[in-house]
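Trainee: have a look at this fold, sequence not included:
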């Protein structure tokens, strides 16, 4: 909703009362109130049309990007999975074993390595689930974006 529409919507009861006091003729009151409502709805429709145009432009951009065959777009999911794999490797192999190895080698005063968050598993399973869904779509020959 636009600012004008919001302000008019908030002031509509007060303005209607003023119109009823100033204009004694019921027909003139109704006409003035209709003009107020028309002004409010016109500004709302203009805002909706502007929002629609922005959304249509973004949809066109998304479609063009989806049809692109650049490696940068294809690397998003694999890089996230790689980050998850490195995080899991660090959390469950390097973090517990490195202090032990250093202690066995005679290094003293080894600080404890920081722990990663538990949400790493959630992210990993979410990424693997999305990959599985995409693989199932490919088996069914469902395109992510159908060209025109």
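Mentor: Right, received. Where do you want to start? As the structure is a computational prediction, the values presented were derived from the model and not from experiment.
Trainee: use CA for all of it now, contacts and neighbours both
Mentor: OK.
Trainee: chain center to the helix or strand harbouring residue 129, what's the gap?
Mentor: In the assignment (DSSP states H and E), residue 129 maps to helix 119-139. Mean-position distance between helix 119-139 and its chain equals 19 Å (C-alpha atoms, centre = their mean, to the nearest Å).
Trainee: can you show me the helices along this structure?
Mentor: Along the chain, counting by DSSP state H, helices occupy 3-22, 26-67, 71-74, 76-89, 95-104, 119-139.
Trainee: number of nearby residues for residue 128?
Mentor: Neighbour count for residue 128, taken as other C-alpha atoms under 10 Å: 14.
Trainee: who touches it in this structure?
Mentor: residue 81 (C-alpha atoms under 8 Å, 6 or more residues apart in numbering).
Trainee: per-residue confidence at it?
Mentor: Each residue has a pLDDT score; the one for residue 128 is 76.
Trainee: how much space separates it from residue 62?
Mentor: Distance, residue 128 to residue 62, by C-alpha to C-alpha, to the nearest Å: 24 Å.
Trainee: swap in residue 47?
Mentor: Counting by C-alpha to C-alpha - residue 47 and residue 62 are separated by 23 Å.
Trainee: so between these two, which is more surrounded?
Mentor: More neighbours surround residue 47 than the other of residue 47 and residue 62, with 17 against 13 (other C-alpha under 10 Å).
Trainee: still on that earlier bit, the helix holding residue 129: which residues count as buried?
Mentor: Buried residues in helix 119-139, counted by 16 or more other C-alpha atoms under 10 Å: 120, 124, 127.
Trainee: wait, the second one touches residue 81, no?
Mentor: In other words, residue 124. Yes. Between residue 124 and residue 81 there is a contact under C-alpha atoms under 8 Å: 6.8 Å.
Trainee: what are the structural domain limits within the protein?
Mentor: Residue ranges for the domains of the chain, per automatic domain parsing: 3-67, 71-139.
Trainee: least reliable of those going by mean pLDDT?
Mentor: For the domains of the chain, mean pLDDT drops lowest on domain 3-67, to a mean of 76.
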